[in-house]
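> Sequence and predicted structure, then a few things I'm wondering about:
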Amino acid sequence: MTEIFVHPTSIIEKGAEIGGGVYVGPYCVIGSNVKLGAGTRLHSHAVITGYTTLGEENEIYPFASIGHAPQDLKYKGEPTLLKIGRKNIIREYATLQPGTVTGCGETVVGDENLFMAHTHVAHDCIVGNQNVFANCASLAGHVTVQNQVVLGGFAAIHQFCVLGDMAMIALSSVVVHDVPPFSIVEGNRANIRGLNVVAMRRRGLSASNLSNVRKVYKTMFLSAFPTVDDAAAQVERDGLLEDVAAKKFVEFIRSSKRGVVRPTAEALAGGSEDTSV
């Protein structure tokens, strides 16, 4: 379908680019520098402004605010960007904001993400694909969320943190360090509670992948090596870096600039590494 529908109560400013099959419900406002991809649907009362581009087949619910000025006191109205991919669902009162010139100049969101009600993506964030933000989960500025991450309700992520693939952030957690792939973290400040085994299986990782990630987890976190590099060297000697998932886990930890979230004292004492959800 290529026909565009715009409810008569909505406002589309001159210059906006609207793709085929877009549906704009009642009382929406679309700014002059906005680009809406084909098949995108705005239910009602949504506001999209700024230099904002949305790909195809996004779905925007009432009172979402997309592309308004970032909540950064250093921002002085510069024409920074917000880029959103395709097939994202953005629910009521969600806020997604563009980048800043003191950051990377753009906020980027990938494909097939779910942003539940009252979620927030701040300036200069990078969000990958197929992530789930439960109600009121919030990213501070400059956060990177990789792929297939789940953020529980009211989770809060500190500036510049990185959340690795298939990580799960529990309800009301406060994350101030990077979260390795496949990890479940919980608490204020968050600690690792174990590995997200069920998600790994659901996403198609093999039994061999899971076994190797468990071994790496034990070596990196539960061994007596004095440094990360010493632990990583042992992983390499064990031949585990030939496994794609295990290598991802190790490389994430070694490349972390903020340092990574670590297991709880209970996990360190008891050797737990196999929590599933």
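Right, received. Where do you want to start? Residues are numbered from 1 along each chain as shown.
> just how off-centre is the helix or strand hosting Val213 within its chain?
Assigning secondary structure by DSSP states H and E places Val213 in helix 207-221. On the basis of Cα atoms, centre = their mean, to the nearest Å, helix 207-221 sits 24 Å off its chain's mean C-alpha point.
> ok and the next helix or strand after that helix relative to helix 207-221, angle-wise?
Where DSSP H and E defines the elements, the next helix or strand beyond helix 207-221 is helix 228-237. On the basis of axes from the mean of the first three to the mean of the last three Cα atoms, to 10 degrees, helix 228-237 is oriented at 150 degrees to helix 207-221.
> Now do the helix holding Val213: everything it contacts.
182, 192, 195, 197, 200-201, 205, 225, 228, 231-232, 234-235, 238, 240, 243-246, 249-250, 253, 262-263, 267-268, 271, 273-274 (Cβ atoms under 8 Å, 6 or more residues apart in numbering). Bear in mind the C-beta positions are built from the backbone N, C-alpha and C, glycine included.
> again, but for stretch 187-200
With Cβ under 8 Å, 6+ apart as the criterion, stretch 187-200 contacts 148, 150, 166-170, 172-177, 179-180, 182-186, 209-210, 213-214, 217, 221, 245, 261-264, 267, 272-277.
> Name only those of the contacts of helix 207-221 that count as buried.
182, 192, 195, 197, 200, 205, 231-232, 235, 240, 243, 245-246, 249-250, 253, 262-263, 267, 273 (16 or more other Cβ atoms under 10 Å).
> just to revisit the earlier point, give me the subset of the contacts of stretch 187-200 that lies in strands.
Val150, Met168, Ile169, Val174, Val175, Ser183, Ile184, Val185, Glu186 (DSSP state E).
> Name the nearest of these relative to Asp124.
Asp124 lies nearest to Val175 out of those, by Cβ to Cβ, at 17.1 Å.
> I'd say that closest one and Val185 touch.
Yes. Contact criterion Cβ atoms under 8 Å: Val175 and Val185 qualify, at 6.5 Å.
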